[in-house]
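[1] one predicted model, sequence on top.
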Amino acid sequence: MRTTYITKPLEVERKWFVVDAAEKNLGRLSTQVAHILRGKHKPTFAPNADVGDYVIIVNADKISVTGKKMSQKTYWRHSGYFGKKKEIVLQEMLKKKPEFVLLHAVKGMLPKNNLGRQMLSKVHIYAGPDHKHEAQKPEVLTLAQ
């Protein structure tokens, strides 16, 4: 009788990947990054274990979107007081915090539990072309457009 293989946390081999977000579509990029963070590209994937890899995203300020999303997509936050809901459109958010835009998109595509938060900690997003993870020897990952 064969037994089902269960991935153990100590047996997981993690790689580091660098993704250039320049001129990439926000939604397509975030789905592919979430796929790598979950580990679905590995044969040892298990939905109840964190087997994904680390992802470094550079040039987050140069992402693109289709249609009128630059002027119509809004991000909002609330202070907790009545009438204090603040909204900001995608175009302004890309100028202020381009890392937040990608982080918010990837976060929405991960599980909404402790495992998803653990996976989200393995993504590192930078607005410019430079990053501080050269010691990990990341591989360049080309994603389909």
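    On my side now, so go ahead.

[2] against Ala34, how distant is the residue nearest the centre of the chain?
    Residue closest to the average C-alpha location in the chain (CA atoms, centre = their mean): Val106, at 3.8 Å. To Ala34, Val106 is 5 Å away according to CB to CB, to the nearest Å. All C-beta atoms are positioned from the backbone trio N, CA, C, and that covers glycine.

[3] repeat for Arg2
    Here Arg2 is placed at a distance of 31 Å from Ala34 (CB to CB).

[4] higher neighbour count, these two?
    A count of neighbours by other CB atoms under 10 Å puts Ala34 above the other of Arg2 and Ala34, at 23 against 4.

[5] surely that one meets Met109?
    Yes - using CB atoms under 8 Å, Ala34 is in contact with Met109, at 3.8 Å.

[6] so which residues of the protein form strands?
    For the chain, applying DSSP state E gives strands covering 16-20, 54-58, 74-78, 85-89, 123-125, 139-140.

[7] re the thing from before, the residue nearest to the centre of the chain is in contact with Val33, isn't it?
    Yes - contact criterion CB under 8 Å: Val106 and Val33 qualify, at 5.4 Å.

[8] overlap in contacts of those two?
    Contact with both Val106 and Val33 is made by residues Val123, according to CB atoms under 8 Å, 6 or more residues apart in numbering.

[9] packing partners for the top helix by length along the chain?
    For the chain, the longest helix by residue count, based on DSSP state H, is helix 26-38. Applying 3 or more CB pairs under 8 Å, 6 or more residues apart in numbering; DSSP states H and E, we find helix 26-38 packed against strand 16-20, strand 54-58, helix 98-107, helix 114-120.

[10] mind listing what's buried along that helix?
    Leu26, Leu29, Ser30, Gln32, Val33, Ala34, Ile36, Leu37, Arg38 (16 or more other CB atoms under 10 Å).

[11] of all these, which comes closest to Tyr75?
    Leu26 (12.5 Å; CB to CB).

[12] isn't Val19 up against Ile56?
    Yes - counting by CB under 8 Å, Val19 touches Ile56, with 7.0 Å between them.

[13] counting neighbours, what do you get for Val55?
    Using other CB under 10 Å, Val55 is surrounded by 23 other residues.
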